[in-house]
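Colleague: Predicted model, plus sequence, below.
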Amino acid sequence: MTEILCYEDSYLQEFDAEVTAVVGKGVVLDHTAFYPGGGGQPPDTGTLTFDDQEVTVKRIRRTDGEYVHELDGEFPPVGTKVHGALDWERRYQLMRTHTALHILCGVVWRDYGAQVTGGNMEPLKARMDFEFENMTAEFAHEVEGLINKEVEAARDIEIGNLSPEEAFA
């Protein structure tokens, strides 16, 4: 099972690992800093370097309990030592967007009792759907003001992982 290093250090940008399997269009590593996606955040991209070659990691996905790094190029064989590097600019933008969406969801839930019903996230751009029947431009402006007040409060951000049971308790 791949150890997901970014769950412990979301600012980790590079790592060394070993290929443990070749699966479909990619490889499985003993550990990785590539975020596999989740919580609305897309999976990371970046590169793997081995034997003086660099291949692009197009995405990481979970398949049959394994985290497969889909590659655009030659696959390193099992046992190969690789150096992974995230597309850090993209990851950091996704982290910032993800945090902004948490603020949005928190404000909308706290002040209006509305839950998220869907959404989509890209670097520095996102969409959230809420259980409102009608949303006006004035309402959106009001929510924006409330969100800006939360940002101006400069609260500490705690990073953690919760089980679904804990998150919805």
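Modeller: All right, it came through fine. Numbering: from 1, shown residues only.
Colleague: tell me, which helix in the protein spans the most residues?
Modeller: helix 88-112 (DSSP state H).
Colleague: now for that one, which elements pack on it?
Modeller: strand 116-122, strand 125-130, helix 137-152 (3 or more C-beta pairs under 8 Å, 6 or more residues apart in numbering; DSSP states H and E). All C-beta spots, glycine's among them, are computed from the backbone N, C-alpha and C.
Colleague: tell me which residues of it are tucked away?
Modeller: By 16 or more other C-beta atoms under 10 Å, the buried positions in helix 88-112 come out as 90-92, 94-95, 97-98, 100-101, 103-105, 107-108.
Colleague: Work out the gap between it and the centre of the chain.
Modeller: 11 Å (C-alpha atoms, centre = their mean, to the nearest Å).
Colleague: what is the mean pLDDT for that helix?
Modeller: For helix 88-112, the mean pLDDT works out to 95.
Colleague: Okay, angle between that helix and helix 137-152 too, please.
Modeller: 110 degrees (axes from the mean of the first three to the mean of the last three C-alpha atoms, to 10 degrees).
Colleague: Contacts for helix 88-112 next, please.
Modeller: Outside of helix 88-112, the residues within contact range by C-beta atoms under 8 Å, 6 or more residues apart in numbering are 10, 13, 35, 39-42, 44-46, 114-116, 119, 121-126, 128, 130, 132, 143, 146-147, 150-151, 157.
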